[in-house]
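Undergrad: Predicted model, plus sequence, below.
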Amino acid sequence: MSIIKEELIEQLINLASCRTSPEEWSTWWNNHNKQLESFLNRGEYLRLKPCMHGFRWLPILRSQQGAIKYLDDSKILYVKENVYQENYEKELKESYKANLEMEKHRLRKIKAEFPEIFNRYPKFSNSLKYNFDESDFIHVGLNNEKVEKFETTSGIKMPEDIAEFFQTVSAISLEGIKIEFENIYPLEFFGKKYYVLGEFWKEADGDLVLWDTSESNDLTKIYYYAHEQNKIKLLTKSFEDLIEKEFAYHNKNL
């Protein structure tokens, strides 16, 4: 039996019995990595290799599972302990609690700064706790004079539901979502005129949110330009659904 195999088996028995710390295992692996890559087959190597992870106990737990399979396949006796699993579960619970606290803090801060958006769009507002960070922004709503100026300049009446949104929030920028009153612009597609309200990465980066100015329903249908397909598709049957359903779902599922 080669020296590397003898040493490996000793290490794997220790892993199965939880007698090695995560740091000790990682150090031993890194010190013998080239020898192990040559000695083990690809599946064995990948199952035993400590993975990169933010948690302390998950990498060694996965390596322990690989060690047990190797020892079982080789018919080598060992004693299995569950310390790694127990420590991982504790770490997971602590992480979950910390994330909940961070989400609550984030939500309290946004609500204090922008109470109007919570009153008008509660589902969207609550979804901000999942992904709002320092690179994102929300700008306070604008006054009715700016809406009227837009209507005078464009010659188009802005639908009430869209105008109400911009009077609540003049701009939002999140991962995959960007709606800004100051950057609304016209877009002609196959002879039909739309206004671009911003971006929503529905199918791919850069998909655009569109308002069809030829429609005059009480509830404004919202479309999107799927740029990879070069198509315009219906997104929601109302502007409120865009915010409360599409945007809220997007934030929760990033």
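TA: Ah, there it is. Residues are numbered from 1 along each chain as shown.
Undergrad: The protein: helices as residue ranges?
TA: Taking DSSP state H as the test, the helices found in the chain are 3-16, 22-31, 33-39, 42-48, 57-73, 83-113, 115-120, 122-127, 144-154, 160-168, 239-241, 248-252.
Undergrad: I'd like to know which elements the third one is packed against.
TA: This means helix 33-39. helix 3-16, helix 42-48 (3 or more C-beta pairs under 8 Å, 6 or more residues apart in numbering; DSSP states H and E). Any C-beta I mention is one placed from the backbone N, CA and C, and that applies to glycine too.
Undergrad: Domains of this protein: list them as residue ranges, please.
TA: 3-86, 114-252 (automatic domain parsing).
Undergrad: would you list these in TSV and tack on mean pLDDT?
TA: Shown next, in TSV, are those (pLDDT from 0 to 100):
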stretch	mean pLDDT
domain 3-86	95
domain 114-252	91
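Undergrad: how about these, which one is nearest residue 93?
TA: domain 3-86 (11.0 Å; C-beta to C-beta).
Undergrad: hmm, back to that, which of the helices and strands packed on helix 33-39 sits most buried?
TA: Comparing those by mean neighbour count (mean count of other C-beta atoms under 10 Å), helix 3-16 comes out on top with a mean of 17.
Undergrad: what's next to that helix, contact-wise?
TA: Applying C-beta atoms under 8 Å, 6 or more residues apart in numbering, the external contacts of helix 3-16 come out as 20, 25, 28, 32, 35-36, 39, 48, 60, 63-64, 67-68, 70-71, 74, 76, 78-81.
Undergrad: circling back to that earlier point, I'd like to know which of the helices and strands packed on helix 33-39 is closest to residue 90.
TA: helix 3-16 (19.0 Å).
Undergrad: Tell me which other helices or strands the biggest strand by length in the chain touches.
TA: Longest strand in the chain by number of residues (criterion: DSSP state E): strand 192-200. Packed against strand 192-200 by the contact rule (3+ C-beta pairs under 8 Å, 6+ apart) you find strand 177-180, strand 185-189, strand 208-212, strand 222-226.
Undergrad: is it possible to export those to TSV including mean neighbour count?
TA: Below are those laid out as TSV (neighbours: other C-beta atoms under 10 Å):
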stretch	mean neighbour count
strand 177-180	20
strand 185-189	11
strand 208-212	21
strand 222-226	21
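Undergrad: Which among these is found nearest to residue 99?
TA: Comparing those against residue 99 with C-beta to C-beta, the closest turns out to be strand 177-180 (21.5 Å).
Undergrad: follow-up on the earlier one: of all the helices of the chain, which one is nearest residue 188?
TA: helix 144-154 (13.7 Å).
Undergrad: No further queries at this time; thank you.
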